[in-house]
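Colleague: quick check, what structure comes out for this input:
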Amino acid sequence: MNETLATLIFYFIFWVIAYVFGKTFKIHEKGLTIKPLYLNYKTNKLNSLLEKASKKARNIWLIAWNIGVALAFGQMAFIIYNLTKNFHLLINKSNQASQVFLLLPGLTVSWSNLPYLLLSLAILLITHEFAHGIAALIEGIPLKSAGLFILAFIPGGFVEVDEEALKKAETSSKLRVFSAGSTANLAAGILILLLMVNFGFTISPFYSSTPSGVLITGLIPDGAAEKVGLKKWDVIVALNDTKINNVESLTSFMSNVKPYSTLKVTTKEKAFQLITQPHKFNESKALIGIYSFNYYEPKFSFIPRYLPYYFFTFGSWSYTILISVALINMLPIQPLDGGKIIEALLDKFAVKRKKEIQITLSLISAGLLGLNLIFSSLTFGFIRI
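Modeller: Residues are numbered from 1 along each chain as shown. Now for the predicted structure:
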């Protein structure tokens with residue numbers, strides 16, 4: 001069965017069971033609401049934790065949220081500019097265009113990558129909603145609850161504040177509250193990005209800081225490596241007795257190898273003889289049929305050799321999602337935080353035709369995002385990562 005069809009069937013069964021469960025049991029008493037294609041869990045158990053956090057280093061929080069307001073306008077301008085530029089590149093079929101797509105579990109995100117997505121979303125939601133909650137409490141705006149939701153197959157989270165108190169708050173307070181979530185996401189994303197850029201240093205307490213081979217993270221079915229018995233997590237240290245220290249040296253060596261060449265592949269355990277195969281889309285390019293990652297020697301015998309690969313993959317997912325959501329959230333679309341910031345400014349200056357301006361900005365921004373999604377699909381096709 002087609003994997004996409006199987007995923008849609010899974011979601012259909014899930015929502016049928018969830019809806020029947022919601023109608024059968026008194027789940028409202030537990031803070032759970034289930035409607036067709038919508039699930040919402042609400043609790044006030046996190047309120048005390050957020051209140052304690054807001055009382056510690058209050059001045060530091062205020063400085064951070066003030067910086068966040070300035071960053072919010074920068075993010076808003078940055079994402080609008082880049083979406084406009086990317087749309088222009090897409091319609092002109094430039095190879096510099098970037099693909100824009102939604103992360104949909106089981107559809108655009110394969111089940112094998114689902115753990116990375118879920119862990120990244122957990123970091124995203126915790127940093128985003130906790131930041132909103134702490135910022136609101138510092139401004140004297142009480143919290144009602146916090147929670148999670150699933151809309152069809154899109155997960156999310158929220159912190160519910162006292163709306164009356166928020167409406168009465170100063171404009172500067174509103175701006176700090178609305179920008180806090182994206183500020184926290186952006187800061188977390190940049191921090192993880194720095195850890196990944198300096199990956200050798202990051203893992204140096206447990207692994208060598210410099211790679212000393214190539215780790216096989218996967219095998220292409222019926223590829224040259226699989227045929228001769230190479231396995232996942234084997235470590236290639238030499239090709240034709242030439243030392244291979246990292247993926248870059250592997251790529252450089254293979255650029256001079258022709259298809260159907262005999263190649264001696266030396267791993268940490270043994271040596272193999274294989275015949276290279278031509279690339280599916282470039283028959284002049286030779287392949288050995290592996291997915292690779294830099295190998296970092298463990299400093300302790302009990303530490304698995306494959307953990308750096310998983311850690312790096314998780315880090316890459318996390319910073320990409322954190323930074324991307326921080327930017328998208330600053331689009332002036334209601335009910336995104338960017339839309340709320342624009343609304344607060346329009347209220348501050350008592351702008352006439354406030355609703356018309358909000359609707360116009362929302363339609364333009366949503367249209368720009370939508371056009372990027374549509375033309376990305378037309379240009380690159382359906383993606384599944």
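Colleague: contacts, neighbours, all on C-alpha from now
Modeller: Will do.
Colleague: so the residue positioned nearest the centre of the chain, which of the three states?
Modeller: Centroid check for the chain by Cα atoms, centre = their mean gives I321 as the closest residue, at 2.2 Å. Under DSSP: H, G, I helix; E, B strand; the rest coil, I321 falls in the helix class.
Colleague: isn't it up against S120?
Modeller: Yes: look at I321 against S120 with Cα atoms under 8 Å: they come within range, at 7.0 Å.
Colleague: buried residues in the helix or strand bottoming out on mean pLDDT in the chain?
Modeller: Scoring the helices and strands of the chain by mean pLDDT, DSSP states H and E places strand 154-161 at the bottom, with a mean of 78. Within strand 154-161, the residues scored as buried using 16 or more other Cα atoms under 10 Å are 155, 157-161.
Colleague: among these, which one sits closest to L219?
Modeller: Among the buried residues of strand 154-161, P155 lies closest to L219 (Cα to Cα), at 32.4 Å.
Colleague: so who does the closest one touch?
Modeller: Neighbouring residues of P155 by Cα atoms under 8 Å, 6 or more residues apart in numbering: 148-149.
Colleague: state the distance from the residue nearest to the centre of the chain to S261.
Modeller: 41 Å (Cα to Cα, to the nearest Å).
Colleague: A122 too?
Modeller: Taking Cα to Cα, one finds A122 at 47 Å from S261.
Colleague: and what of S98?
Modeller: 36 Å.
Colleague: these two: which is more packed in?
Modeller: Taking S98 and S261 together and counting by other Cα atoms under 10 Å, S98 has the greater number of neighbours (18 against 14).
Colleague: residues touching the residue nearest to S182 when sequence neighbours are not counted, list them.
Modeller: Once flanking residues are discounted, S182 sits nearest to A326: 4.4 Å by Cα to Cα, 6 or more residues apart in numbering. A326 makes contact with 75, 181-183, 185-186 under the criterion Cα under 8 Å, 6+ apart.
Colleague: filter those to the buried ones?
Modeller: Here, 16+ other Cα under 10 Å leaves 75, 181-183, 185-186 buried among the contacts of A326.
Colleague: SS state for I190?
Modeller: helix.
Colleague: how about L274?
Modeller: Going by three-state DSSP: L274 is strand.
Colleague: check the gap between it and P259 for me.
Modeller: From L274 to P259 the distance is 11 Å (Cα to Cα).
Colleague: can you list the residue ranges for strands in this protein?
Modeller: 32-35, 38-43, 143-151, 154-161, 214-219, 235-239, 242-243, 262-267, 271-275, 277-278, 286-287, 290-294 (DSSP state E).
Colleague: summarise which helices and strands the helix of greatest length in the chain is packed against.
Modeller: Using DSSP state H to define each element, the chain has its longest helix at helix 58-91. Using 3 or more Cα pairs under 8 Å, 6 or more residues apart in numbering; DSSP states H and E, the elements in contact with helix 58-91 are helix 114-138, helix 171-197, helix 307-328, helix 354-380.
Colleague: by mean pLDDT, show me the worst of those.
Modeller: Per-stretch mean pLDDT for those is lowest at helix 114-138 (a mean of 92).
Colleague: that helix packs against which elements?
Modeller: Helix 114-138 packs on helix 47-55, helix 58-91, strand 143-151, strand 154-161, helix 171-197, helix 307-328, going by 3+ Cα pairs under 8 Å, 6+ apart.
Colleague: now the ones you listed in a markdown table, with distance to H28?
Modeller: Below are these laid out as a markdown table (distance: least, Cα to Cα, whole Å):
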| stretch | distance to H28 |
| --- | --- |
| helix 47-55 | 19 |
| helix 58-91 | 35 |
| strand 143-151 | 14 |
| strand 154-161 | 17 |
| helix 171-197 | 28 |
| helix 307-328 | 30 |
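Colleague: how about those, which one is nearest I203?
Modeller: With Cα to Cα, the closest approach to I203 among the helices and strands packed on helix 114-138 belongs to helix 307-328: 7.4 Å.
Colleague: quick one: buried residues of that closest one?
Modeller: Buried residues in helix 307-328, counted by 16+ other Cα under 10 Å: 308-309, 312, 314-328.
Colleague: do stretch 361-374 as well
Modeller: For stretch 361-374, the neighbour count (16+ other Cα under 10 Å) marks 361-362, 364-366, 368-374 as buried.
Colleague: and the two most separated of these?
Modeller: L361 and I374 (19.7 Å).
Colleague: any idea how far I342 is from the residue nearest to S182?
Modeller: Between A326 and I342 the distance is 16 Å, computed by Cα to Cα.
Colleague: again with Q277
Modeller: Distance, Q277 to I342, using Cα to Cα: 57 Å.
Colleague: ditto for F293
Modeller: Distance from F293 to I342, counting by Cα to Cα: 45 Å.
Colleague: what does G156 give?
Modeller: Where I342 is concerned, G156 sits at a distance of 22 Å (Cα to Cα).
Colleague: for L103, give me its contacts.
Modeller: Applying Cα under 8 Å, 6+ apart, we find L103 in contact with V109.
Colleague: for W65, same thing?
Modeller: By Cα under 8 Å, 6+ apart, the contact set of W65 is 135, 176-177, 179-180, 183.
Colleague: let's see 7 Å
Modeller: Taking Cα atoms under 7 Å, 6 or more residues apart in numbering as the contact definition, W65 lies against 176, 180.
Colleague: can you pull the pLDDT of it?
Modeller: On pLDDT, W65 comes in at 96.
Colleague: output the buried residues of stretch 361-374 as TSV; include the columns distance to L114.
Modeller: As requested, the buried residues of stretch 361-374 are arranged in TSV below (distance: Cα to Cα, whole Å):
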residue	distance to L114
L361	34
S362	31
I364	32
S365	29
A366	27
L368	28
L369	24
G370	24
L371	27
N372	24
L373	21
I374	24
